[in-house]
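Engineer: Give me coordinates for this.
(2 chains)
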Amino acid sequence: MTRTIAIAALAVRAVTRSHLFITLATILLLVIFALPLAIKGDGTVAGQMRILLYYTLGLASIILGVTTLWTSCASISHEIDEKQIQLSVAKPVHRYQIWLGKWIGILVVNAVLLAITGVAVYSYVRHYAGSPDLGAKDRAALRNELLIGRRLIAPVAEPVDLDVRERLARLKLEGKLTPGMTEAEAFAQVKKTVLIEQSVVTPGQSKRWTFQMTPSRRITPGKAPVSSGEAGEPAVTIHFSFASTFHDRKRITGTWIVAKEDGTETFRFEMKGWPDGEHAFFVPESAVPAGPVTVTFTNAERSQSNTAVFDSEKPIQILKHESSFELNLIRSLIVILCQLGLVAAIGLTAGSLFSFPVATFAAMSVLIISLAGHYFIFTSSSWKYGGEKTGTVTETVLRATSEKVVKHMEIVIAPAMELAPLSPLSDGILLSPWFTGKAILLLLILYPGFFWLFGSFCLNRRELALPTI
Amino acid sequence: MQETKTSVVEVRGLTKIFRDFWRRPKVKAVDGLDIDIQRGEIFGLLGPNGSGKSTTIKILLGLLHPTSGAVTVLGRSPRDVEMKKDIGYLPEESYLYNYLSPRETLDFYGKLFDLDRRTLKERTGQLLDMVGLTHAADRLVGEFSKGMARRIGLAQALINDPELIILDEPTSGLDPIGCRQVKDLMVTLAKRGKTILLSSHLLADVEDVCDRVAILYNGKLRAWGSVNELLQKQDSVRLTLPLQPPDRMKEILALVREKIGASPEVDHPSMNLEQFFLEVVEKADKAATYQSGAARSEGVAKYLSHD
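Structural biologist: Predicted coordinates:
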């Protein structure tokens, strides 16, 4: 381990003794303090702060990501080009130790720069939130919606599989299934249709969702969020979005009722809201005790054309205060550090294989393909339902191969892409220990571990003293 | 009693072909090389530029892979990492990190040998003293002249008190004092049983210190053997006498002519330029009060000079 640590310390020195470190730290601080002046929010204080958090940390991550990619590509390839690696390899050092030492060194530098960024962002946010120019309502909005870590609780999924199977059998009998579609694809499509149908609430009708509430796990002391009308009482947020079937946008009126399992009503909220937007209302924490809780929406409209259609995948969510903004920010920074760790691993592996310019292009290509992966996956899933697949044997083979490739890409890329911390942080959504742990496991251990093995293997096979052209 | 010599480096039929991007053979840098280097000897690898000396060394260190042939170093494969614990290497150029000071450089390479803190500190101090850079120990290597960087390169090659020391052009860039010190160091280390592989195209250096040499040309071994065997003219003898008065000199020459039937060559033995230069500098050094470059050291690092 001494050897790996010595190489890591060398990598840290390489960065800190160049102008790179000071330049980067200065750029990051400039971004944090100058960018807010250039951004116009949605007019609300919470909205402004949300955008600030998202964009400043987002831009800082991009700057660090690009620099990490460049540094990591250069770290090994430059040493090979400059022949310094010949001295290290002539010592009793395994090449996997060289790779690992470089990676740890780059990670340490990133951790320091991220810590500087985090402290600067936190200071800015606290300064803004404590500004005497803000009214009590704005402060409450910041405290309740943004500077907080709220756990998302989704409703218990309704069993629909039986309905789906019955409908699927009927469609088969009637010969109405899309040709070329597999059984699983047809089931998924019919299930989607059933769920959409169940999300429709016509005038006079009601829709009920059940939530399994757990005892409060608030782990940070301090003030709990409060509803604007009931100062001092802890509150949870019920968040929902819906569309309207009415061809002109018109506000929909309705009633939300929160009740215990036995039907005892605990809270009522009269709604008059615009469709196609995000909505929320506060409920006292006592109204959603541990155990099953139901939330019912009744459409109070009279015109049949004014039907509310809820999002079939995320119709309604309960947001419950569980953590502080500080802890959420720290967890976000940890996840960003993990992402940078993966970028560094890709760069080092490219540097183990190629000379510096080629390594940079290769690493950037891998990142771009990964980032665009979601788009490819989405596009390919659309093709699946695009009708009967015809063509030559070559086309069929190519199509089958590409589908397999995309499917495997999805398995690898999708879990990593889900680990985006900035959106939940800027929405005051809790980044759970599980989320952070998953980021550490995937982005800091599993994926870099693969690149470590592959990069070390390539470095081990590579002749490090070939004559340069 | 005859001493049994063991091979430290064994090379059999070594061939190295460099290929282009499409794997087509481009250059045959080493061609069927056979050499043996015995424990405790100073072995010189001689040859003009591009003769395959550095390529052979890099194969011995596992930096290049042989195209064919067998190589063992200290009884193991060159790619065996553990074997490198006993090797010291000075490349043809120093390849040091410009952003480190000499002390940090030695500290870094010492840690790669897993040396404990105390040993590392002791050796660093002694080596800096030996290469005459104690006064510049905390300046950055990037600010150094080529000769000063070379001295640090030499120090790092000795940080682990190696059994086999591979020196590629060790005197390149060094002043005559530095050259002499390096040669003295090699002799001292060989006396301690260390094996030294010296690659150079400076024939005087090799002649001064090497026990045996191999001469390479175009990647092939052209001549090898002990320096004395290779250089001695077996058909003539040199006789050195104290200065004689002219009359007696005539008598001696007449006697020699009478006995061998030919006239002997007569000249005055002279010191070489290196010896003359060292004498001049030694005198100047005694009078000097300030030093900005490499200082004159007092000898070999303590840990390198005793068993």
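
Engineer: Just the element for B:V9, please.
Structural biologist: strand B:7-19 (DSSP states H and E).

Engineer: could I get that strand in PDB with only the CA atoms?
Structural biologist: C-alpha atoms of strand B:7-19 as PDB (Å, rounded to 0.1, in the frame of the first residue of the first chain):
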ATOM      1  CA  SER B   7      25.300 -15.500 -13.400                       C
ATOM      2  CA  VAL B   8      23.300 -12.400 -12.500                       C
ATOM      3  CA  VAL B   9      22.100 -11.800 -16.000                       C
ATOM      4  CA  GLU B  10      21.700 -14.500 -18.600                       C
ATOM      5  CA  VAL B  11      20.700 -13.700 -22.200                       C
ATOM      6  CA  ARG B  12      20.300 -16.400 -24.800                       C
ATOM      7  CA  GLY B  13      19.500 -15.800 -28.400                       C
ATOM      8  CA  LEU B  14      17.800 -12.500 -27.700                       C
ATOM      9  CA  THR B  15      16.100 -10.800 -30.600                       C
ATOM     10  CA  LYS B  16      14.000  -7.700 -30.600                       C
ATOM     11  CA  ILE B  17      12.200  -6.500 -33.700                       C
ATOM     12  CA  PHE B  18      10.300  -3.200 -33.600                       C
ATOM     13  CA  ARG B  19       7.100  -3.300 -35.600                       C
END
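
Engineer: Name the next helix or strand downstream of the helix or strand bottoming out on mean pLDDT in chain A, please.
Structural biologist: When the helices and strands of chain A are compared on mean pLDDT, DSSP states H and E, helix A:373-384 comes out lowest with a mean of 59. Using DSSP H and E, the helix or strand that directly follows helix A:373-384 along the chain is helix A:393-417.

Engineer: Contact partners for B:L64?
Structural biologist: Contacts for B:L64 (C-beta atoms under 8 Å, 6 or more residues apart in numbering or on different chains) come out as A:E463, A:L464, A:A465, A:L466, B:K16, B:T55, B:K58. For every residue, glycine as well, the C-beta is placed using N, CA and C.

Engineer: And the chain, what are its domain boundaries?
Structural biologist: Because you didn't say which chain, this covers chain A. As given by automatic domain parsing, the domain ranges for chain A are A:2-148+A:326-461, A:153-323.

Engineer: Switch to chain B, please.
Structural biologist: As assigned by automatic domain parsing, chain B contains the domains B:7-232, B:241-288.

Engineer: Reformat these as JSON lines; add mean pLDDT.
Structural biologist: Output for the domains of chain B, formatted as JSON lines (pLDDT from 0 to 100):
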{"stretch": "domain B:7-232", "mean pLDDT": "88"}
{"stretch": "domain B:241-288", "mean pLDDT": "77"}
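
Engineer: Ranking those domains by mean neighbour count, which comes first?
Structural biologist: Greatest average neighbour count among the domains of chain B goes to domain B:7-232 (a mean of 19), per mean count of other C-beta atoms under 10 Å in any protein chain shown.

Engineer: just how off-centre is stretch A:97-105 within its chain?
Structural biologist: 28 Å (C-alpha atoms, centre = their mean, to the nearest Å).

Engineer: So what touches it?
Structural biologist: Residues outside stretch A:97-105 that contact it (C-beta under 8 Å, 6+ apart): A:3-12, A:14-15, A:72, A:75-76, A:85, A:88-89, A:341, A:344-345, A:348-349, A:352, A:448, A:452, A:455-456, A:459.

Engineer: just checking, which of these belong to helices?
Structural biologist: Among the contacts of stretch A:97-105, the members falling in helices (DSSP state H) are A:3-12, A:14-15, A:72, A:75-76, A:85, A:88-89, A:341, A:344-345, A:348-349, A:352, A:448, A:452, A:455-456, A:459.

Engineer: Show me the strands paired with the strand holding B:V9, marking each as parallel or antiparallel.
Structural biologist: Strand pairing for strand B:7-19, using DSSP bridges, gives strand B:25-38 (antiparallel), strand B:68-73 (antiparallel).

Engineer: Show me how far the longest one is from its chain's centre.
Structural biologist: Computed by C-alpha atoms, centre = their mean, the chain-centroid distance of strand B:25-38 equals 20 Å.

Engineer: Likewise for the shortest one?
Structural biologist: Between the mean C-alpha point of strand B:68-73 and the mean C-alpha point of its chain there is a distance of 22 Å (C-alpha atoms, centre = their mean).

Engineer: Chain A contacts on chain B?
Structural biologist: Counting by C-beta under 8 Å from any C-beta of the partner chain, chain B comes close to chain A at B:18, B:27, B:58, B:61-65, B:81-85, B:87, B:89, B:91, B:93, B:95-97, B:99-100, B:104, B:108-109, B:111-114, B:156.

Engineer: residues contacting the closest residue to A:A154 other than its chain neighbours?
Structural biologist: Of all residues not flanking A:A154 in the chain, A:Q317 sits nearest, at 5.9 Å (C-beta to C-beta, 6 or more residues apart in numbering or on different chains). By C-beta under 8 Å, 6+ apart, the contact set of A:Q317 is A:L152, A:I153, A:A154, A:P155, A:I238, A:H239, A:F240.

Engineer: Which strand residues bridge A:Q317?
Structural biologist: Per DSSP bridges, the residues bridged to A:Q317 are A:H239.

Engineer: got the domains of chain B as JSON lines, with distance to A:T68 columns?
Structural biologist: Converted to JSON lines, the domains of chain B look like this (distance: least, C-beta to C-beta, whole Å):
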{"stretch": "domain B:7-232", "distance to A:T68": "19"}
{"stretch": "domain B:241-288", "distance to A:T68": "50"}
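
Engineer: picking up where we left off before, can you tell me which of the domains of chain A is most buried?
Structural biologist: Highest mean neighbour count of the domains of chain A: domain A:2-148+A:326-461, a mean of 18 (counted as mean count of other C-beta under 10 Å).

Engineer: Please enumerate the helices of the stretch 201-350 of chain A.
Structural biologist: A:325-353 (DSSP state H, counting those that start in this stretch).

Engineer: what ranges of it fall below the confidence cut-off?
Structural biologist: For the stretch 201-350 of chain A, the stretches with pLDDT under 70 are A:216-234, A:246-249.

Engineer: Which residue ranges of the stretch 51-200 of chain B form strands?
Structural biologist: In the stretch 51-200 of chain B, the strands defined using DSSP state E, counting those that start in this stretch lie at B:68-73, B:87-90, B:164-168, B:195-200.

Engineer: which residues touch the last one?
Structural biologist: Surrounding strand B:195-200, the residues in contact under the criterion C-beta under 8 Å, 6+ apart are B:8-9, B:37-46, B:53-54, B:56-57, B:60, B:92, B:163-171, B:186, B:189-190, B:205-206, B:209-210.

Engineer: Can you give the distance from the strand holding B:V9 to the centre of its chain?
Structural biologist: 20 Å.

Engineer: Quick check: chain neighbours aside, which residue is closest to the residue in the stretch 151-300 of chain B that chain A sits nearest to?
Structural biologist: Across the stretch 151-300 of chain B, the shortest distance to chain A (C-beta to the nearest C-beta) belongs to B:Q156, at 7.1 Å. Closest residue to B:Q156 apart from its sequence neighbours, by C-beta to C-beta, 6+ apart: B:Y109 at 4.5 Å.

Engineer: Confirm for me that the one you found is in contact with B:I159.
Structural biologist: Yes - between B:Y109 and B:I159 a contact is recorded at 5.4 Å, counting by C-beta atoms under 8 Å.
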